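S.K.: The following comprises the amino acid sequence and a computationally predicted model.
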Amino acid sequence: MNSGRTVREAWIVGAVRTPVGRHGGALSAVRPDDLGAVVLKALVERVGIPPDEVEDVYFGCANQAGEDNRDVARMSLLLAGFPEIVAGATVNRLCGSGLEAVANAARAVMLGEADVYVGGA
């Protein structure tokens, strides 16, 4: 049903993956927000979008405890050098946390809240 409103499309224009480690392996001492910062730096470099054009960063993080027990998205974007005006939100939907983060970013674009969001896990 079309109520006469224009529907905006959301596009994925870049993707970056963190390294994969083993339980207790080489990455076990690396904080989640530090890994998130690496991904965010690489993403904005790869797609060529200045960090100050990003409205919000949504990250999924399930079963948060210890070093994960804070807003990983916000901490990651600050560690990546994004301006303080960029928001960050961490969502927990257990196995679906990353998908929920991407869906939230896409939904915000489609609703016209802003043009550039980051979603991931």
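M.R.: Cool, got the structure.
S.K.: Please enumerate the helices of the chain.
M.R.: Remark: helices assigned in the chain by DSSP state H are 32-47, 72-79, 97-110.
S.K.: Could you measure from the residue nearest to residue 104 when sequence neighbours are not counted over to residue 106?
M.R.: Setting aside the residues directly before and after it, residue 104 is nearest to residue 58 in space (CB to CB, 6 or more residues apart in numbering), at 4.7 Å. To be clear about C-beta, it is placed using only N, CA and C from the backbone, and glycine gets the same treatment. Plainly put, residue 58 is 10 Å away from residue 106 if you go by CB to CB, to the nearest Å.
S.K.: burial measure for the residue lying closest to residue 106 once chain neighbours are set aside, as a count.
M.R.: Among residues not flanking residue 106 along the chain, residue 10 sits closest, at 3.8 Å (CB to CB, 6+ apart). Number of residues near residue 10 (other CB atoms under 10 Å) recorded here: 17.
S.K.: Surely residue 10 is in contact with residue 105?
M.R.: Yes - between residue 10 and residue 105 there is a contact at 7.4 Å, judged by CB atoms under 8 Å.
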